[in-house]
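# What would the 3D arrangement of this be:
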Amino acid sequence: MSLVAFKARNHPQQAVRDAVDDRGTLPELFAPLNAEHRFTLDAAASHLNAKCEKYFTRETDGLLRSWRAERVWCNPPYSRLTPWVAKAWGEMRDGCELVVMLLPANRCEQVFWQEYVEPFRDGPVTDGITLRTRFLRGRTRFVMPPNFEYYTTRAKGDRPPFGCVLLIWSRAV
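Residues are numbered from 1 along each chain as shown. Presented below is the predicted three-dimensional model:
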């Protein structure tokens, strides 16, 4: 077997596409997290998949808006993780109360993980902020565009080919 002319490619669900970046969080995943954390803002939503009354869409751009004094839920576009993780750190330093972010768990070699997660995760307090990681069991299901109702039929392809992790930034009490 030869690897000459072999071209590696991502799994179709890892490609940069609007449908992948618009994955909605299942109500059964979000509800217990919301009960635990009492979210006030969904920082990366669409009009069809927002989990909080207050939310930012692609058009209102949560990367450019303040999260100050909010308790944030964020299921960011997986094609652009570094700016979202950096934003969470910056907002926590600027007075955000809490950020819980749902991310793929198979990206620990990437810049966002190496710079913003690994040096701080599950360790000592930094600037009065703690960062905890909570790895989710199995493969998380998502609701998918265009109708965000696939969770009722469990359509093929509603699970990514990787597990997920929650990053939980909070203020030390």
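# Quick check, pLDDT for residue 107.
According to the prediction, residue 107 has pLDDT 85.
# looking at it, it is touching residue 113, isn't it?
Yes. Residue 107 is in contact with residue 113 according to C-beta atoms under 8 Å; the separation is 5.8 Å. No exception for glycine: its C-beta is placed from N, CA and C like everyone else's.
# the more surrounded of those two?
residue 113 (22 against 17; other C-beta atoms under 10 Å).
# so who does that one touch?
By C-beta atoms under 8 Å, 6 or more residues apart in numbering, residue 113 lies in contact with 85, 107.
# let's see it at 6 Å
Residues counted as contacts of residue 113 (C-beta atoms under 6 Å, 6 or more residues apart in numbering) are residue 107.
# Where does it sit: helix, strand or coil?
helix (DSSP: H, G, I helix; E, B strand; the rest coil).
# which residues are in contact with the longest helix seen in the chain?
Identified as the longest helix of the chain according to DSSP state H is helix 81-93. Helix 81-93 is contacted from outside by 63, 67, 76, 99, 101, 111, 112, 116, 127, 129, 169, using C-beta under 6 Å, 6+ apart.
# List the ones among those that fall in strands.
If you go by DSSP state E, these have 99, 101, 129, 169 in strands.
# hey, which helix or strand in the chain has the poorest pLDDT?
helix 18-21 (a mean of 61; mean pLDDT, DSSP states H and E).
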